[in-house]
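Enquirer: let's see this in three dimensions:
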Amino acid sequence: MRYEIYSKVIKYINKKLFNVFFSSNFNYFGKKVSIIFPDIIKGEKYISIYDNVVIQSKSWIMAYKQNNIEPILEIYQGVEIGRFAHIVSLQKVIIEKNVLIADKVYISDNIHQYEEITIPIKQQQIKFKSEVVIGENSWIGENVSIIGAKIGKHCIVGSNSVVTKDIMDYSIVVGIPAIYIKRYDISIKQWKKTNKYGEFI
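Expert: Down below sits the predicted model:
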């Protein structure tokens, strides 16, 4: 119990200090935002964080300007993000309202170029893949990677999945690469099993 109280006090102090000293650097910084002991934050002037967002410890959040293209990284109201999050926007990453994201999740709209085999990959430019939008009310499980893909609203992405293609609204996907296992059938108001393409069985 003592450690729990100590931890809450330390997190509260950290949140207040962060908001006082760094919130003005962001494109937008809402009310009651909690960013707890971040590891790396870069490109704050391109990042918008709205009301009641919670980002747990050791996050790496970056909006990276390349080739004079101004990136957009927006995290909307009520989003909760777990520990060790890694979120990178080269052009556009949007996390809509009330999304729940577990620990150790990677979200990115880009990959490293690798085509030139005479140059180390780490020295090649970052390549935009596709914009990322995570739809409102969705739940992203632990250790998930989302790379250049849109996820619909009220979706579940199972732990350890890798999402590289767009996911329809009201879907459950799992695996590497992520495939459909269930979708919500609006006509009968029930969740139903699907094949891997999202077609009802």
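Enquirer: now do stretch 143-158: distance to the chain's middle.
Expert: Here the centre of stretch 143-158 is set off from its chain's centre by 9 Å, with Cα atoms, centre = their mean, to the nearest Å.
Enquirer: show the average pLDDT along that stretch.
Expert: For stretch 143-158, mean pLDDT rounds to 98.
Enquirer: and that stretch, how far apart are its ends?
Expert: 9 Å (Cα to Cα, to the nearest Å).
Enquirer: buried residues, it. List them.
Expert: Residues of stretch 143-158 classed as buried under the neighbour-count rule (16 or more other Cβ atoms under 10 Å) are 143-153, 155-158. C-beta coordinates here come from the backbone N, C-alpha and C atoms, glycine included.
Enquirer: which residues of the chain fall in helices?
Expert: Per DSSP state H, the chain has helices spanning 2-22. These are given in chain order.
Enquirer: got a list of contacts for the lengthiest strand in it?
Expert: Criterion DSSP state E: the longest strand present in the chain is strand 179-185. Contacts of strand 179-185 from elsewhere in the structure, counted by Cβ atoms under 8 Å, 6 or more residues apart in numbering, are 154, 167-174, 190-198, 200.
Enquirer: one more time with 7 Å
Expert: 168, 170-174, 191-194, 196-198, 200 (Cβ atoms under 7 Å, 6 or more residues apart in numbering).
Enquirer: and for stretch 156-164?
Expert: If you take Cβ under 7 Å, 6+ apart as the criterion, stretch 156-164 is touched by 139-149, 151, 172-178.
Enquirer: for it, how far is the first residue from the last?
Expert: Stretch 156-164: ends 15 Å apart by Cα to Cα.
Enquirer: from the chain's centre, how far out does that stretch sit?
Expert: When distances are taken as Cα atoms, centre = their mean, stretch 156-164 is centred 12 Å away from the chain's centroid.
Enquirer: repeat that for stretch 78-89.
Expert: That offset, for stretch 78-89, works out to 5 Å (Cα atoms, centre = their mean).
Enquirer: would you mind listing which of the contacts of strand 179-185 are buried?
Expert: For the contacts of strand 179-185, buried by 16+ other Cβ under 10 Å: 168, 170-174, 194, 198.
Enquirer: just the ones of these in strands?
Expert: Those of those lying in strands (DSSP E): 171-174.
Enquirer: low-confidence ranges, the protein, go.
Expert: For the chain, residues meeting the criterion pLDDT under 70 lie at 1.
Enquirer: tell me the centre residue of the protein?
Expert: Centroid-nearest residue in the chain: residue 107, 4.7 Å away (criterion: Cα atoms, centre = their mean).
Enquirer: quick one: residue 201 from residue 51, how far?
Expert: 41 Å (Cβ to Cβ, to the nearest Å).
Enquirer: more neighbours, the two?
Expert: residue 51 (14 against 7; other Cβ atoms under 10 Å).
Enquirer: the closest residue to the more buried one other than its chain neighbours - how many residues pack around it?
Expert: The shortest distance from residue 51 to any non-neighbouring residue, by Cβ to Cβ, 6 or more residues apart in numbering, is to residue 30 (3.8 Å). Using other Cβ under 10 Å, residue 30 is surrounded by 16 other residues.
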